[in-house]
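Enquirer: Okay, here's the prediction I keep looking at, along with the sequence it came from:
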Amino acid sequence: MTSLTTELEAVNFLLKTIGESPVNDLDNPQLSDAMSAKTTLRQVSKREQSRGYHFNTDEKYQLLPNVDGEFTVPTDALRIDPTHTSISIDAVQRGTKMWDRKNHTFVFTQSSMYCDIVRHYSWDELPEPVRQYFIYQSAVEFYHETFQTDPDEAIIKGLGDSQASFEDFISATSDYNALYSNLTTFNTLKRKINGGW
């Protein structure tokens, strides 16, 4: 079984691209380059996950109100939108709760709300093809931030290869059919069908 790439290994890959030595600790503030690399890696991961993919999206997830009739948004939600039988509810996230745009209140009369939720996973929860793609994206950005120029061809090639593997993974694990012929079409049509984001 192939082992998953750890966050430490990912950070050390970023450090290698700028000619720095690997580290053994990701929480030492004195290791400024390592801290910067970790920040870049996590920013890229969060930004890319916010696009919403099959692996980090829960569809028709049921939310239940608290005793005050308020729906609390899950702490790991990057995006949330009422869907399915709740698609007619004009609600959006505001802070940590859902906001009723029609009635201008956090208090709802519904006994439940079904939502599509795009979730933010920590590094240890990500599938390996996703990790590889995020690593190379981060490496390109980290190199550019450090030297204000593009990285060498090997890193650019690695980004292209990892993106291809990432898209293959998404295609293989998503509910595609002949209509949803590619990733872009699938995500666009799915969001239109579910009422849009």
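Expert: Yep, it's here.
Enquirer: Could you use CA atoms for every contact and neighbour count after this?
Expert: Fine.
Enquirer: Show me the protein divided up by domain.
Expert: Structural domains assigned to the chain are 7-50+127-193, 55-119, following automatic domain parsing.
Enquirer: what's the least confident stretch among those?
Expert: Among these, domain 7-50+127-193 has the lowest mean pLDDT, at a mean of 88.
Enquirer: What count of nearby residues applies to residue 114?
Expert: 20 (other CA atoms under 10 Å).
Enquirer: Quick check: nearest residue in space to it, chain neighbours excluded?
Expert: Beyond its immediate neighbours in the sequence, the residue positioned closest to residue 114 (CA to CA, 6 or more residues apart in numbering) is residue 62, lying 4.4 Å away.
Enquirer: who are the neighbours in contact with that neighbour?
Expert: Residues in contact with residue 62, defined by CA atoms under 8 Å, 6 or more residues apart in numbering, are 112, 113, 114, 115.
Enquirer: show me what contacts the residue nearest the centre of the chain?
Expert: Centroid-nearest residue in the chain: residue 49, 1.1 Å away (criterion: CA atoms, centre = their mean). Listed by CA under 8 Å, 6+ apart, the contact set of residue 49 reads 56, 118, 119, 120, 121.
Enquirer: State the distance from it to residue 21.
Expert: 29 Å (CA to CA, to the nearest Å).
Enquirer: measure stretch 92-99 end to end?
Expert: First residue to last in stretch 92-99 (CA to CA) measures 5 Å.
Enquirer: Identify the residues contacting that stretch?
Expert: So stretch 92-99 is in contact with 70-75, 80-81, 91, 100-101, 105-107, going by CA under 8 Å, 6+ apart.
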